[in-house]
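# need a structure here:
(one chain, ligands or ions: 1)
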Amino acid sequence: MATHNTSLPKARRKDIPPDNAHVVLVVEDEADMRHLLQYNLTREGLAVHCAATGEEALEQTQANEFDLILLDLMLPKIDGLEVCRHLRQNPKTVDVPIIMLTAKGEEADIITGLELGADDYVTKPFRMRELLARIRRQLRRRNNNGSSAEKESSSLLHRGALVIDLQRYEARCHKQPMPLSATEFRLLVMLATRPGRVFTRRQIIDTLHGGMAAVTDRSVDVQVVALRRKMGDQADLIETVRGIGYRFRDQDND
Ligand code: CA
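Model prediction:
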């Protein structure tokens, strides 16, 4: 019996994660940033491990189970993209949510990271509140994965004034049927099933057209314009992420 535990106040102290806390790996070579992240994530009730290099990150992910990995892209030697590639090739870490930490002007790296299978990214300097919201979203998704409640409700997506019926392949806006082409419907479904998730143009082409080389990035933009037009006053649910791609607005985080 751990009798000394009974003397702790009932309210959980914010700097001690509970035993069932989600476990997060912070990969960041800059010590100040690493400590700042460790401090803030621990305060959120997360159990935090840290790695200062890509090598260390790969070792830690082999030795431990993580619920989420926060991955700085600019690391010495094995950089973040290479770490991401390894994590996604390894069955043990293929499904672990990865949020990339990036710097301004790294759009090409962000696109590569997303296409390698990273789930999200945050550009430095970032607001801690925003990062924590994104972490919570990824952890929520991970919790919901495979749960029956999620699957049952998943044939009908409610987004703003839109209702998307995945079984009947039709969508309504303010209860009025939307005259969508098959491609527009699939584009809408792709974005709306993962609110907040940024999709690159290449990922959209791969999903909609099976990666046909003849389909250009520009044609994705044209399809988004057409889809938005049919969404009327709900058009801004699809956001343009400059230099990267598109995402469906995450109303949870607004
Ligand atoms: Ca760095």
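# ok, V27 touching L68?
No. With contact defined as Cβ atoms under 8 Å, V27 does not reach L68; the gap is 11.3 Å. Where C-beta positions appear, they are placed from N, C-alpha and C, glycine not excepted.
# of those two, who's got more company?
V27 (29 against 23; other Cβ atoms under 10 Å).
# Quickly list what the more buried one is bridged to.
A51, L71 (DSSP bridges).
# Report the separation between it and M100.
10 Å (Cβ to Cβ, to the nearest Å).
# Find the residues that touch each one of the two.
Residues touching both V27 and M100 by Cβ atoms under 8 Å, 6 or more residues apart in numbering: 71-72, 80.
# right, and out of the residues you listed, which lies closest to the ion?
Taking Cβ to the ion as the measure, the ion lies nearest D72 of the shared contacts of V27 and M100, at 4.4 Å.
# is it true that the closest one touches V27?
Yes. Using Cβ under 8 Å, D72 makes contact with V27 at a distance of 5.8 Å.
# joint contacts of those two?
Counting by Cβ under 8 Å, 6+ apart, the residues touching both D72 and V27 are G80.
# okay if I get the shared contacts of V27 and M100 as a markdown table plus neighbour count, pLDDT and distance to the ion?
Supplementary listing: the shared contacts of V27 and M100 in a markdown table, determined by neighbours: other Cβ atoms under 10 Å; pLDDT from 0 to 100; distance: Cβ to the ion, whole Å:
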| residue | neighbour count | pLDDT | distance to the ion |
| --- | --- | --- | --- |
| L71 | 27 | 98 | 10 |
| D72 | 25 | 97 | 4 |
| G80 | 26 | 97 | 8 |
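# want to try TSV for the residues you listed, with distance to L188 as columns?
As requested, the shared contacts of V27 and M100 are exported to TSV (distance: Cβ to Cβ, whole Å):
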residue	distance to L188
L71	30
D72	34
G80	32
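# Name the nearest of these relative to D217.
Among the shared contacts of V27 and M100, G80 lies closest to D217 (Cβ to Cβ), at 24.2 Å.
# Who are the contact partners of the closest residue to N90 other than its chain neighbours?
Nearest residue to N90 in three dimensions, chain neighbours excluded: T61, at 7.5 Å (Cβ to Cβ, 6 or more residues apart in numbering). Residues in contact with T61 (Cβ under 8 Å, 6+ apart) are 25, 69, 87, 90, 92-93, 96.
# residues contacting R159?
Per Cβ under 8 Å, 6+ apart, neighbours of R159: 192, 195, 234, 237, 248, 251.
# For it, list each beta-bridge partner.
L162.
# Okay, strands next: where are they in the chain?
Shown for the chain, the strands assigned by DSSP state E span residues 23-27, 47-51, 68-72, 98-103, 120-124, 156-159, 162-165, 170-173, 176-177, 198-200, 238-241, 245-248.
# and whichever residue of the chain sits closest to the ion, how far is that from G105?
Residue nearest to the ion within the chain: M74 (3.8 Å; Cβ to the ion). Distance of M74 to G105, computed by Cβ to Cβ: 11 Å.
# where does the stretch 151-254 of the chain come near the ion, residue by residue?
Among all residues of the stretch 151-254 of the chain, none is adjacent to the ion (criterion: Cβ under 5 Å from the ion).
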